[in-house]
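> the following block contains a protein sequence and its predicted model.
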Amino acid sequence: MKKRTGMEVSFAAAEAVKQCKVDLIAAYPITPQTHIVERLAEHVANGELDAQFIPVESEHSALSLCIGSQAAGARSFTCTSSQGLALMSELLYITSGLRLPLVMILVNRSLSAPLSIWNDHSDVMSVRDCGWIQLFVRNGQELYDHVFIAYKLAENPAVNMPVIINVDGFILSHVFEPLETISSHEAERYLPPYAPKFVLHPDDPVTIGAFTMPSFFTEAKKIHDESLKASYGPILQAFQSWEHISGRSYHPVEKQYTQDAETLFIIMGSLAETAGEAVKIMREQGVKTGLLTLRVWRPFPFAELRRAITGVQKLIIIDRALSPGGPGGPLAAEIRAALYNMENRPQILNYIAGLGGRDITIADYIRMHNTTSVQETGYEIYDQKGAEANA
Amino acid sequence: MLEIRFHGRGGQGAVTSAELLAEAALTEGKHAQAFPSFGPERRGAPVTSYCRIDELPIRLRTNISAPDIVLVLDPSLLKTVNVTDGLKETGTLIINSQKGPEHFVHNHKLHKIATVDATGIALQILGRSITNTILLGALIRTIAPVELSSITAAIQKRFDQKNAALNIQALQQAYQETKILNMPDYPTQENQFADAPAATGENAPVQPQAQSLWIELELGCLITNPGNSKTYYTGSWRSFYPLLNKDRCIKCGICWILCPDAAYTQDTEGFYPVDLNYCKGCGICAHECPTGAITMLQEKEAGV
Ligand code: SF4
Ligand code: SF4
């Protein structure tokens, strides 16, 4: 086994960004993203990373700046959370529409109000359709690894898409834990220098961000959709080549205990780790349950998901965001839609849980699994106290 | 349902004429709608507007592609815009032109073709070449989708007293002077295709909405040939052109600064000659020139 180093997860992310030799970092501080960018600022200040660090006046400017620098041919990085992402939202669509291969770490935090600095997925779900590749990680090792994978993928000439890496705020971002790093030599081998097809340069001018008439807009969107779907193959390739470097293998849908499972939990992000422990305990008690974790949220892994749930009777989908007045959490809503045309669809229970940093324990997962109640509205906002009282 | 399409230039009031017509239909208890072609139109650019009139409520939210009537507010459009595109075979074509309607015969099945010198009337009565209400006079005379009194009522509602009176005077003069060709009466061989409206002209601007165009979109819709507005000859939009009187010019460069289409460049003597490929005839330079060295003159209609 390679040597493991104890490190705060945010610092591991900064280390990976440094090893990817970014040319420019633009960010505005917001809890709980701060440790990542503060560490990067240190790397730039002490000369470990030869990059421009631009402390801007808002997240809107941070992403605007990255759009410009990426268009000028500079490998760029930004990082935000919650309200910061909301302030970036118009530019998110521009980044992907212009096909600029920027990488952003989104340290997931709930959207105000009420004001909360703690973790859930309401921030990323508010920009679900922004056209970026969207990945979720479960632990510090995965975050470190996915920084390299994200740049590899984004800059692949067959992809050319920006990537958001989602990491749960505090509950993961601020945890000190062991992980393996790669050498700078291995990093260079995995990630060649950024070589865009076009750059903004006065010697060879191009126009980016031009306006389009109704006769082309639909085509532009169709290309975007097809390109995002087609990035699925390059995602698998990026995972494979990462496995050659690091020995760690990743899949768009991670499966645990799915062999002859009658029920499956489905979740995204770091809570999958606790859920995995709960599933392990239930398995030991003879309960035929398993766990699916979606690592790739966009492009949505339809085929892999359908394969993974074949023969399963019940899905327990845990959403970390709410669509108020809507059909339940976004994860469950999309999975329902994905399964609609399947014969022998499983029953779906949808829990909206862990909002604004609320803990979900092993006991909670077991309680969710053992419930026999029918969800009249198609979902239930899980509240521990009520669940305990009813137990 | 009667569907009417107006072709004008940005600033000539094509949208207002469509709305006046709809307003007039409403006052007669009919149903009507009027709407512009939505887009980045600017002064002088070819624009279209639309009007629908029916006895029943109108629930269409689409452009009019097969109009019953086409009105052309500016004769220069005939060389750059395919004004009869989709015009029904039994439709009616009404053109602002000094020429007679027989010059515009292109399709013998048409119901009627009419012309009126709307620019002449506009300059004479309104003092500027706003032809929208004037063409409505020609429309009422030719096909009367609404009563003349309904249009004048709509004008009175829309404009202040002085302008309403002038516009109504211009409209009534157009009503008198409109020349109408009833196509069923027209000998089929004579004068065929004389000045038939053409889809393309020498300086025809690129038609941004062209449907059959195949273009490979570059990554992120990036444009690899920047500065391509040079090939967009806004000069084809012009119905007036600026004439410089060098004796009065003090070489201040105000015309050069303010021309919205950068049609002026400085020559070695320090004067500012205009490049008519790009001058769209807006008249800003003449208006702003501090010494009155620029005069706007009307472009001659070819063959008049
Ligand atoms: S604005 Fe008039 S005076 Fe000044 S340079 Fe132009 S034409 Fe000459
Ligand atoms: S040259 Fe004068 S009339 Fe022509 S476009 Fe420029 S400002 Fe307008």
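Right, received. Where do you want to start? Ligands and ions are numbered 1, 2, ... in the order given.
> burial of residue A:198, as a residue count?
Residue A:198 has 17 neighbours, counted by other C-beta atoms under 10 Å in any protein chain shown. The way it works is simple: take the backbone N, C-alpha and C, and place the C-beta from them, glycine included.
> show me where chain B has its helices.
Along chain B, the stretches classed as helices by DSSP state H are B:14-27, B:118-125, B:132-142, B:148-158, B:161-177, B:254-258, B:284-288.
> show me the one of the ones you listed that comes nearest ligand 1.
Ranking the helices of chain B by proximity to ligand 1 (C-beta to the nearest ligand atom) places helix B:254-258 first, at 3.3 Å.
> what comes up buried for that closest one?
Judged by neighbour count (16 or more other C-beta atoms under 10 Å in any protein chain shown), helix B:254-258 contains these buried residues: B:254-256.
> also stretch A:293-302?
Buried residues in stretch A:293-302, defined by neighbour count with 16+ other C-beta under 10 Å: A:293-301.
> can I get the CA coordinates of it in PDB?
C-alpha atoms of stretch A:293-302 as PDB (Å, rounded to 0.1, in the frame of the first residue of the first chain):
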ATOM      1  CA  THR A 293     -24.200   6.000  -4.900                       C
ATOM      2  CA  LEU A 294     -24.500   8.300  -7.900                       C
ATOM      3  CA  ARG A 295     -21.000   9.800  -8.500                       C
ATOM      4  CA  VAL A 296     -22.000  11.300 -11.900                       C
ATOM      5  CA  TRP A 297     -25.200  13.400 -11.700                       C
ATOM      6  CA  ARG A 298     -24.700  15.000 -15.100                       C
ATOM      7  CA  PRO A 299     -24.600  13.400 -17.600                       C
ATOM      8  CA  PHE A 300     -27.200  11.300 -15.800                       C
ATOM      9  CA  PRO A 301     -26.200   7.600 -15.800                       C
ATOM     10  CA  PHE A 302     -29.500   6.200 -17.100                       C
END
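> for it, what is the distance to the chain centroid?
9 Å (C-alpha atoms, centre = their mean, to the nearest Å).
> avg pLDDT for stretch A:345-359?
Stretch A:345-359 shows a mean pLDDT of 95.
> and that stretch, how far apart are its ends?
31 Å (C-alpha to C-alpha, to the nearest Å).
> with stretch A:164-172 instead?
16 Å.
> domains of the chain?
By default, I'm working from chain A. Split into domains by automatic domain parsing, chain A comes to A:5-245, A:253-390.
> actually chain B
If you go by automatic domain parsing, chain B breaks into B:2-203, B:230-298.
> hmm, back to that, and which of the buried residues of helix B:254-258 is nearest residue A:84?
residue B:256 (45.8 Å; C-beta to C-beta).
> tally of neighbours for the nearest residue to residue A:358 once chain neighbours are set aside?
Residue nearest to residue A:358 in three dimensions, not counting chain neighbours: residue A:384, with 7.4 Å by C-beta to C-beta, 6 or more residues apart in numbering or on different chains. Using other C-beta under 10 Å, residue A:384 has 15 neighbouring residues.
> do residue A:352 as well
When neighbours are defined as other C-beta under 10 Å, residue A:352 has 23 of them.
> in which helix or strand does the nearest residue to residue A:29 once chain neighbours are set aside reside?
Take residue A:29 and drop its neighbours on the chain: the residue closest to it by C-beta to C-beta, 6+ apart is residue A:37, 6.6 Å away. Assigned by DSSP states H and E, residue A:37 belongs to helix A:34-45.
> and that helix, what does it pack against?
helix A:9-19, strand A:24-27, strand A:52-55, strand A:76-80 (3 or more C-beta pairs under 8 Å, 6 or more residues apart in numbering or on different chains; DSSP states H and E).
> which strands and helices sit next to the first one?
Using 3+ C-beta pairs under 8 Å, 6+ apart as the contact criterion, the neighbours of helix A:9-19 among helices and strands are helix A:34-45, strand A:103-108, helix A:140-155, strand A:176-179.
> distance from the longest one to the middle of the chain?
Here the centre of helix A:140-155 is set off from its chain's centre by 11 Å, with C-alpha atoms, centre = their mean.
> in it, what's buried?
A:140-155.
> please identify the deepest-packed of the helices of chain B.
Mean neighbour count (mean count of other C-beta atoms under 10 Å in any protein chain shown) peaks for helix B:132-142 among the helices of chain B, with a mean of 27.
> CA atoms of that one as CSV?
The C-alpha coordinates for helix B:132-142 follow below in CSV (Å, rounded to 0.1, in the frame of the first residue of the first chain):
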residue,chain,number,x,y,z
ASN,B,132,-46.9,54.0,-42.2
THR,B,133,-50.2,55.8,-41.9
ILE,B,134,-50.0,56.7,-45.6
LEU,B,135,-49.8,53.1,-46.7
LEU,B,136,-52.9,52.4,-44.6
GLY,B,137,-54.8,54.9,-46.8
ALA,B,138,-53.7,52.8,-49.8
LEU,B,139,-54.8,49.6,-48.1
ILE,B,140,-58.3,50.9,-47.4
ARG,B,141,-58.6,52.1,-51.0
THR,B,142,-57.4,48.8,-52.4
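> look up the closest residue to residue A:329, ignoring the ones flanking it.
Residue A:329 sits nearest to residue A:319 (C-beta to C-beta, 6+ apart), 2.2 Å away.
> distance of the one you found relative to chain B?
32 Å (C-beta to the nearest C-beta, to the nearest Å).
> also residue A:351?
39 Å.
> show me what contacts that residue?
A:316-319, A:329, A:368, A:379-382 (C-beta atoms under 8 Å, 6 or more residues apart in numbering or on different chains).
> in helices, which of the residues you listed fall?
Per DSSP H, helices hold the following members of those: residue A:368.
> which of the contacts of residue A:351 lies closest to ligand 1?
Nearest member of the contacts of residue A:351 to ligand 1, counting by C-beta to the nearest ligand atom, is residue A:329, at 65.4 Å.
> around the closest one, how many other residues sit close by?
Neighbours of residue A:329 (other C-beta under 10 Å): 25.
> ok, residue A:34 next?
17.
> now the helices: where do they sit in chain A?
A:9-19, A:34-45, A:59-71, A:82-97, A:122-125, A:140-155, A:184-190, A:214-230, A:232-246, A:271-284, A:302-309, A:330-339, A:362-370, A:384-390.
> nearest to residue B:54 among these would be which one?
helix A:214-230 (26.0 Å).
> okay, the angle between that closest one and helix A:82-97?
Per axes from the mean of the first three to the mean of the last three C-alpha atoms, to 10 degrees, the angle that helix A:214-230 makes with helix A:82-97 is 110 degrees.
> does any bit of helix A:214-230 sit next to chain B?
Yes. Shown here: helix A:214-230 in contact with chain B (C-beta under 8 Å from any C-beta of the partner chain) through A:214-216, A:219-220, A:223.
> run through who's touching stretch B:61-70.
B:2-7, B:37, B:50, B:52, B:83-88, B:91-94, B:139, B:143, B:145.
> picking that back up, write the ChimeraX selection for whichever of the residues of helix A:214-230 next to chain B are buried.
To isolate the buried subset of these in ChimeraX, counting by 16+ other C-beta under 10 Å, use the following:
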select /A:216
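> just the residues of helix A:214-230 next to chain B: which has the poorest pLDDT?
Lowest confidence among these: residue A:215, with 84.
> how much space between that one and ligand 2?
Note on residue A:215: its distance to ligand 2, by C-beta to the nearest ligand atom, to the nearest Å, is 27 Å.
> please report how far that residue lies from residue B:214.
With the distance defined as C-beta to C-beta, to the nearest Å, residue A:215 ends up 11 Å from residue B:214.
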